[in-house]
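> Starting from these lines, generate the structure:
(2 chains)
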Amino acid sequence: MKTDSSLRDVCVIGTGMVRFGHHAEVTLSQLAAPAVLEALTEAAIDRREVQAIYCGTVFGGPMAAQRIARETGLSGIEALNVENACSSSASAFRLAYLGIAAGAFECAVVVGVEQTTRLGGGPLDLGEEDIEAANGLTMPSLYAMRAQRYMHEFGLTAADLAQVAVKARRHGELNPYAQVRKQTSIEEVMASRQIASPLTVQQCCPIGDGASAVVLAAADSRQAAGKGRVKVIGSHLTSGRYMQGPRDMTHPEVTVRCASETYELCGLSPDDIDLVECHDAFTIAEILYYEALGFAGHGQGAQLLREGATSVGGRIPFNPSGGLLCRGHPLGASGIAQIVEITRQLQGRCGPRQVGQDARAPRLGLAHITGGGIYGFDHAACCIHILGTSSS
Amino acid sequence: MNGERQVGSALVVRKDDGWSLLAARCAACCLVTFPSLATCPHCAGGHFDPIALPSAGALYTFSVIYSAQKGWKVPYAAGYVDLAPSLRVFGRLDIPEAELRIGMSVDLSIRPADEPATRFTYAFVAKRDMLSEARI
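Predicted coordinates for the structure are as follows:
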């Protein structure tokens, strides 16, 4: 993204979510409808005021946006389907944001949806065309190999890794939208079933179904009048850089680059950010992303966790929602779910998991989602959004 | 017994010092890619020559996988192996878990991908001379 004064300000004026979990019995559009309708109700606009619907899903099949539009009374407008691995709905959000910012339309619905329980369980199928997947690579094992190397280089312990899950569960227990709402202990995490050493099942995001939606509108539009407190401050999307030689797998290339480019484009630094929703699909990921997003030096991420800095009440809360580890990770739904959480946090609506209770209210939140396991890349895609409340 | 064969999605070649993966070397800038691509990622050249990668490398990282896609017999070990001078390759590790160490030397080998052995795949095994050292 190039910061351009000709781009209009865009606000999140409505949010909606379905609690993630097992929802295989309904159709994709039936799963998505309550999230879309909640977002429209919250935005308090007539559906005729919505000019576009963009949908992010990975395995949801063709024309998901049109099927959801039919279900929710939004047909006959610009509809677009976006697949970009785990970053699908964040990418759809970015496109809708750019459409409004550029003046193509005033108001759009962005929805993320996925039914991963229909895929038959176990790790995602990465496709036989990928030479690594064809030789047995799975997403859990990709993160597990990063963990193994990180432990070797920086002395991270199995208990440190487990502590990420313990923290996520503490947050998730407080989130009514989380798929997993039960606390755990370091011992329980370490004793849970092995998935890919050193990662056990409690260190992996659960398989689930879910949907999330937002309504976006131009800040100066009638749709946003009186509700435009949460603005899109920054939006950036990039893809992995092909690397076929020795590379540092403890230093996630696509996130490091996406983060530094996002901060530069917005004129912000990690010091300005009050909360983060990051792509903690596996415990090691959260530690890697503390560092890659600029909140800790390389190799020092676990220290933030040990200090409690990344818990609700700490200096820089990460994943107050419980993150992918607890909220669940229905691929296409996760990007918008992060944006829903940050919007509601900035609006002070999150109850016991609210960030900044005793100090100032949070002003800036960052959503980071990356994904796609294909050979030669750290990840296929990475999308970062920064949302903020106006200083007035 | 020397020569080329296809194993899964890779081409391998057997020479006097063992099995090697067949990669592509850009005719213009000499960058080596595995598998081959239509365009060189470094210089955008479009002409490649086949090149046999070293048969031995060093284990960069690994995992023992207990949950896999359908059709895979679990658990199995897999990891990334650095092949000098410039390639990192993912593959199965036919090495007991207790012997797996980051940095260990490994050799490319051809192994059955199923039982009975109707399909074959490449896998890395502990370097032979390391094993004999370990036995001393």
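
> Look up how far A:Thr255 lies from the closest residue to chain B within the stretch 201-350 of chain A.
Distance from chain B to each residue of the stretch 201-350 of chain A (C-beta to the nearest C-beta) is smallest for A:Gly245, at 4.4 Å. Every residue, glycine included, has its C-beta placed from N, CA and C. When distance is defined by C-beta to C-beta, to the nearest Å, A:Gly245 is 20 Å away from A:Thr255.

> who has more neighbours, the two?
Between A:Gly245 and A:Thr255, A:Thr255 has the larger neighbour count (other C-beta atoms under 10 Å in any protein chain shown), namely 26 against 14.

> residues from chain B in reach of chain A?
B:8-10, B:32-35, B:41, B:60-70, B:72, B:75-76, B:78-80, B:82, B:86-88, B:90-92, B:97, B:102, B:121-122 (C-beta under 8 Å from any C-beta of the partner chain).

> Give me the subset of those that lies in helices.
Of the residues of chain B next to chain A, none are assigned to helices by DSSP state H.

> Now, those residues that are in strands?
B:10, B:32-33, B:60-65, B:76, B:78-80, B:82, B:87-88, B:90-92, B:121-122 (DSSP state E).

> what's the nearest residue to the residue of the stretch 201-350 of chain A closest to chain B if we skip its chain neighbours?
Spatially, and ignoring its direct neighbours in sequence, A:Gly245 is nearest to B:Ser86 (4.4 Å; C-beta to C-beta, 6 or more residues apart in numbering or on different chains).

> what's around that neighbour, how many residues?
Other residues close to B:Ser86 by other C-beta under 10 Å number 15.

> for B:Asp49, same thing?
Neighbours around B:Asp49, by other C-beta under 10 Å: 11.

> if we can go back for a sec, quick check on the ones in strands among the residues of chain B next to chain A: which are buried?
Among those, the ones that count as buried by 16 or more other C-beta atoms under 10 Å in any protein chain shown are B:10, B:32-33, B:60-65, B:76, B:78-80, B:82, B:87-88, B:90-92, B:121-122.

> What's the first helix or strand after the least confident helix or strand in chain A by mean pLDDT?
Of all helical and strand segments in chain A, the minimum by mean pLDDT, DSSP states H and E falls on helix A:131-134, at a mean of 90. Helices and strands here follow DSSP states H and E; after helix A:131-134, the next one along the chain is helix A:139-154.

> So which elements touch that following helix?
With contacts taken as 3 or more C-beta pairs under 8 Å, 6 or more residues apart in numbering or on different chains; DSSP states H and E, helix A:139-154 sits against helix A:158-172, strand A:194-196, strand A:199-200, helix A:283-292, strand B:56-65, strand B:76-83.

> gap between the fifth one and the chain center?
Meaning strand B:56-65. Centre-to-centre, strand B:56-65 and its host chain are 10 Å apart (C-alpha atoms, centre = their mean, to the nearest Å).

> and the angle for that strand with helix A:139-154?
120 degrees (axes from the mean of the first three to the mean of the last three C-alpha atoms, to 10 degrees).

> dump the residue contacts of the residue nearest to A:Gly245.
B:Ser86 sits next to A:244-246, B:31-32 when contact means C-beta atoms under 8 Å, 6 or more residues apart in numbering or on different chains.

> same question, A:Arg247
A:253, A:378, B:88 are the contacts of A:Arg247 under C-beta under 8 Å, 6+ apart.

> Tell me who's in contact with the last one.
So the one you mean is B:Arg88. A:244-247, B:60, B:80-82.

> Check the first one too.
Taking C-beta under 8 Å, 6+ apart, we find A:Glu253 in contact with A:240-241, A:243, A:247, A:377-378.

> how does it look with 7 Å?
A:240-241, A:243, A:247, A:378 (C-beta atoms under 7 Å, 6 or more residues apart in numbering or on different chains).

> which of these are buried?
Looks like those have A:240, A:247, A:378 buried, using 16+ other C-beta under 10 Å.

> Next up, the contacts around A:Gly299.
So A:Gly299 contacts A:153-154 (C-beta under 7 Å, 6+ apart).

> ok, it to A:Asp248 distance?
From A:Gly299 over to A:Asp248 (counting by C-beta to C-beta), the distance is 11 Å.

> Likewise for A:Arg118?
Taken as C-beta to C-beta, the span from A:Arg118 to A:Asp248 is 37 Å.

> just B:Arg5 next, same as before
Taken as C-beta to C-beta, the span from B:Arg5 to A:Asp248 is 34 Å.

> One more: A:Asp46?
Counting by C-beta to C-beta, the gap from A:Asp46 to A:Asp248 is 52 Å.

> Quickly find the element holding the residue nearest the centre of chain A.
Ranked by distance to the mean C-alpha position of chain A (C-alpha atoms, centre = their mean), the top residue is A:Gly335 at 3.7 Å. A:Gly335 belongs to helix A:331-346 when elements are defined using DSSP H and E.

> Kindly report the same for A:Ile13.
If you go by DSSP H and E, A:Ile13 is part of strand A:10-17.

> quick one on the thing from earlier: out of the contacts of B:Ser86, which comes closest to A:Ala32?
A:Gln244 (38.8 Å; C-beta to C-beta).

> Run a quick neighbour tally on that closest one.
A:Gln244: 20 neighbours (other C-beta under 10 Å).

> pretty sure it contacts A:Gly376?
Yes: using C-beta atoms under 7 Å, A:Gln244 is in contact with A:Gly376, at 5.5 Å.

> And the helices in the stretch 201-350 of chain A?
Taking DSSP state H, counting those that start in this stretch to define them, one finds helices in the stretch 201-350 of chain A at A:253-266, A:283-292, A:301-307, A:323-327, A:331-346.

> Output those helices as TSV; include the columns distance to A:Leu37 and mean pLDDT.
Formatted as TSV, the helices of the stretch 201-350 of chain A follow (distance: least, C-beta to C-beta, whole Å; pLDDT from 0 to 100):
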stretch	distance to A:Leu37	mean pLDDT
helix A:253-266	32	97
helix A:283-292	32	98
helix A:301-307	38	96
helix A:323-327	20	98
helix A:331-346	14	98
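
> Show me which residues of the stretch 1-150 of chain A sit near chain B.
A:122-123, A:125, A:131-132, A:134-138, A:140-141, A:144-145, A:148-149 (C-beta under 7 Å from any C-beta of the partner chain).

> let's see it at 8 Å
A:120, A:122-123, A:125-126, A:128-129, A:131-138, A:140-141, A:144-146, A:148-149.

> Just the buried residues of those.
Buried, going by 16+ other C-beta under 10 Å: A:122-123, A:126, A:131-138, A:140-141, A:144-146, A:148-149, out of the residues of the stretch 1-150 of chain A next to chain B.
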